[in-house]
Each structure stands twice: as C-alpha cells, then as structure tokens.
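J.: Got a predicted model here, sequence first, then my questions.
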Amino acid sequence: MRPTIVLIHGAFAESSSWNGVAESLLAADYDVVAAANPLRGLAADAESVSDVVRSIEGPSSSSRTPTAAPS
C-alpha cells in the first residue's frame, strides 16, 4: 500500500499552490491531500494539520522536521 502524501503550505500561500506537485504525485498513483493551513499561529496550525492527518485512513508513518531549536 502506498502512503498518502500530505502537502502543507507555508505563509503567503494556499493549498492550491501545491496543484502541480499534487498532479504529478496523483499521476504516479499516490493519494495526495493538500491541506489548508489556517495560519493562525503555531498551536492552531499544528492542531489543524493533525486533524487532517488523523482523518486519513490506513497505516500511518510520520517524518518530522524540527521547526525551532529547543530552548
């Protein structure tokens, strides 16, 4: 089973900015979700993205990239 790829945009963008990438991934037979990131703050955005990821059926795996150095 191939993974579902979740694409998250950053500031000054929206989920449609991933259209070209999503089309290529879909053509390669991947399931793709381009999530709308509300850009309301770190906690709210993380909760929103987590909700999207939890809504995807199937086995899960995650890759994390640190966004800030621990204090």
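T.: Structure received.

J.: quick one: buried residues of the lengthiest helix in the chain?
T.: As assigned by DSSP state H, the longest helix anywhere in the chain is helix 42-54. By neighbour count on 16 or more other Cβ atoms under 10 Å, the buried set for helix 42-54 is 45, 48-49. Just so you know, the C-beta spots here come from the backbone N, C-alpha and C atoms, and that holds for glycine as well.

J.: can I assume residue 37 is in contact with residue 15?
T.: Yes - using Cβ atoms under 8 Å, residue 37 is in contact with residue 15, at 7.5 Å.

J.: Need the overlap of contacts for the two.
T.: Listed contacts common to residue 37 and residue 15 are residue 9; contacts here mean Cβ atoms under 8 Å, 6 or more residues apart in numbering.

J.: Neighbour count: these two, which is higher?
T.: residue 37 (20 against 15; other Cβ atoms under 10 Å).

J.: Residue 1 versus that one, what's the distance?
T.: In this view, residue 37 and residue 1 are 26 Å apart by Cβ to Cβ, to the nearest Å.

J.: Next secondary structure element downstream of the host helix or strand of residue 22?
T.: Per DSSP states H and E: residue 22 is located in helix 19-27. Using DSSP H and E, the helix or strand that directly follows helix 19-27 along the chain is strand 31-35.

J.: re the thing from before, tell me which of the buried residues of helix 42-54 is nearest to residue 33?
T.: residue 49 (10.3 Å; Cβ to Cβ).

J.: bridging residues for the residue nearest to residue 22 when sequence neighbours are not counted?
T.: Take residue 22 and drop its neighbours on the chain: the residue closest to it by Cβ to Cβ, 6 or more residues apart in numbering is residue 32, 4.6 Å away. For residue 32, the beta-bridge partners are residue 5 (DSSP bridges).

J.: quick one: contacts for residue 32?
T.: 4-7, 22, 25-26.

J.: Repeat the analysis, applying 7 Å as the threshold.
T.: Going by Cβ atoms under 7 Å, 6 or more residues apart in numbering, residue 32 touches 5, 7, 22, 25-26.
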